[in-house]
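Asker: pasting the structure only:
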Ligand SMILES: Nc1ncnc2c1ncn2[C@@H]1O[C@H](COP(=O)(O)OP(=O)(O)O)[C@@H](O)[C@H]1O
Ligand SMILES: [Mg+2]
């Protein structure tokens with residue numbers, strides 16, 4: 001199964017949430033690959049805490065593969081990460097690998113040559129991993145267009161592809177996420193040009209809200225009453241706005257609460273961060289875990 005992680009804007013939490021979902025899915029027992037298709041800024045290595053891949057690798061990254069066909073490296077998180085909790089995943093876990101970009105690789109111009117290379121890479125990963133999460137550059141990027149071209153190709157019809165659109169829980173982000181999917185040159189319009197069946201493509205897209213403020217947290221319930229009341233009004237307005245923009249409950253895959261650890265640092269949240277050091281909130285991990293499980297639950301992906 002291919003999971004394309006997209007967002008209209010940068011800073012949505014696409015990469016941090018995507019990496020944590022990949023990690024949770026591996027903990028659930030499946031082999032997972034994370035592909036850094038954020039070609040202009042391939043920094044997923046920093047989230048997994050792999051020192052030699054913080055800004056991509058010095059050779060045989062995804063850029064090299066797409067440009068010259070050199071097979072990309074697959075970095076095993078269990079051996080490459082500096083984080084003890086990532087090196088010590090329980091035996092019931094699946095493998096978790098990062099396929100990084102090249103350091104300084106840059107964005108690609110449109111080129112038909114990349115489509116067959118991507119098809120063979122995705123098909124190979126599909127044989128080796130139960131789930132591949134592909135973190136795409138933000139907006140109507142070449143990476144997103146490439147993903148639509150590849151998944152619209154006849155040679156990929158047997159592979160299940162799903163799209164997660166990440167957005168913050170704010171006015172601007174809701175409007176932007178709507179535009180990325182339903183707007184001019186959005187995923188649905190571009191998908192049609194690449195041979196996708198519009199209804200099937202629509203059914204394969206779900207939204208993920210990130211860094212959502214918990215209105216039951218003490219700073220609201222025990223803080224200034226006017227602030228709490230105003231926040232509740234805002235939250236209700238956002239719910240209405242989301243529903244009007246096609247981002248309501250029926251297309252929602254999950255919601256990740258604002259977490260203090262992720263506010264300070266882009267990282268994987270381990271169970272030890274919740275239970276031992278107690279720096280992260282249990283609700284954050286519960287959200288990642290639930291989203292990871294829903295990636296393959298039929299009830300989540302029934303036609304709308
Ligand atoms: N649930 C969350 N709570 C608090 N901060 C978050 C949360 N999710 C992401 N962030 C932070 O938001 C910033 C942007 O996230 P990132 O994944 O880099 O976004 P993108 O990939 O969309 O550009 C990062 O500093 C990240 O740690
Ligand atoms: Mg990112």
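Answerer: Now that the structure is in, tell me what you want to look at. From a predicted model like this one, the values you see are computed outputs, not experimental measurements. Residues are numbered from 1 along each chain as shown. Ligands and ions are numbered 1, 2, ... in the order given.

Asker: how much space separates the residue nearest to residue 20 when sequence neighbours are not counted from residue 253?
Answerer: In space, not counting the residues next to it along the chain, residue 20 is nearest to residue 288; the distance is 4.5 Å by CB to CB, 6 or more residues apart in numbering. For glycine as for every other residue, the C-beta is placed from the backbone atoms N, C-alpha and C. Distance from residue 288 to residue 253, counting by CB to CB, to the nearest Å: 12 Å.

Asker: and the two? Which one has more around it.
Answerer: residue 288 (25 against 22; other CB atoms under 10 Å).

Asker: that one: which element?
Answerer: helix 282-294 (DSSP states H and E).

Asker: mind checking the SS state of residue 188?
Answerer: helix (DSSP: H, G, I helix; E, B strand; the rest coil).

Asker: gap between it and ligand 1?
Answerer: Look at residue 188 and ligand 1: by CB to the nearest ligand atom, to the nearest Å, they are 21 Å apart.

Asker: for that residue, what are its contacts?
Answerer: Contacts for residue 188 were tallied using CB atoms under 8 Å, 6 or more residues apart in numbering; they are 181-182, 198, 201-202.

Asker: which of those are buried? Put it as a PyMOL command.
Answerer: Buried subset of those, written as a PyMOL selection, criterion 16 or more other CB atoms under 10 Å:
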select buried, resi 181+182+201+202
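
Asker: adding pLDDT, distance to residue 34 and secondary structure, write the contacts of residue 188 out as a markdown table.
Answerer: Below are the contacts of residue 188 laid out as a markdown table (pLDDT from 0 to 100; distance: CB to CB, whole Å; DSSP: H, G, I helix; E, B strand; the rest coil):
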| residue | pLDDT | distance to residue 34 | secondary structure |
| --- | --- | --- | --- |
| 181 | 98 | 23 | helix |
| 182 | 98 | 27 | helix |
| 198 | 96 | 29 | helix |
| 201 | 97 | 23 | helix |
| 202 | 97 | 26 | helix |
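
Asker: adding distance to ligand 1, write the contacts of residue 188 out as JSON lines.
Answerer: Listed next are the contacts of residue 188 as JSON lines, based on distance: CB to the nearest ligand atom, whole Å:
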{"residue": "181", "distance to ligand 1": "16"}
{"residue": "182", "distance to ligand 1": "20"}
{"residue": "198", "distance to ligand 1": "26"}
{"residue": "201", "distance to ligand 1": "22"}
{"residue": "202", "distance to ligand 1": "22"}
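
Asker: so the nearest residue to residue 294 once chain neighbours are set aside: helix, strand or coil?
Answerer: Of all residues not flanking residue 294 in the chain, residue 300 sits nearest, at 4.5 Å (CB to CB, 6+ apart). Using three-state DSSP, the structure places residue 300 in helix.

Asker: what pLDDT does residue 300 get?
Answerer: What the model reports as pLDDT for residue 300 is 93.

Asker: now the one 3 residues further on
Answerer: In this prediction, residue 303 carries a pLDDT score of 79.

Asker: residue 204 versus that one, what's the distance?
Answerer: Distance from residue 303 to residue 204, by CB to CB: 10 Å.

Asker: over to residue 128?
Answerer: Distance from residue 128 to residue 204, by CB to CB: 22 Å.

Asker: same check, this time on residue 49
Answerer: Residue 49 is 32 Å from residue 204, by CB to CB.

Asker: so what touches the helix holding residue 288?
Answerer: Outside helix 282-294, the residues within contact range by CB under 8 Å, 6+ apart are 17, 20-25, 27-28, 208, 214, 253-257, 259, 261-262, 269, 271, 274, 300.

Asker: helices and strands of this structure: which one has the lowest mean pLDDT?
Answerer: Least confident helix or strand of the chain, by mean pLDDT, DSSP states H and E, is helix 218-221 with a mean of 83.

Asker: alright, that wraps it up for me.
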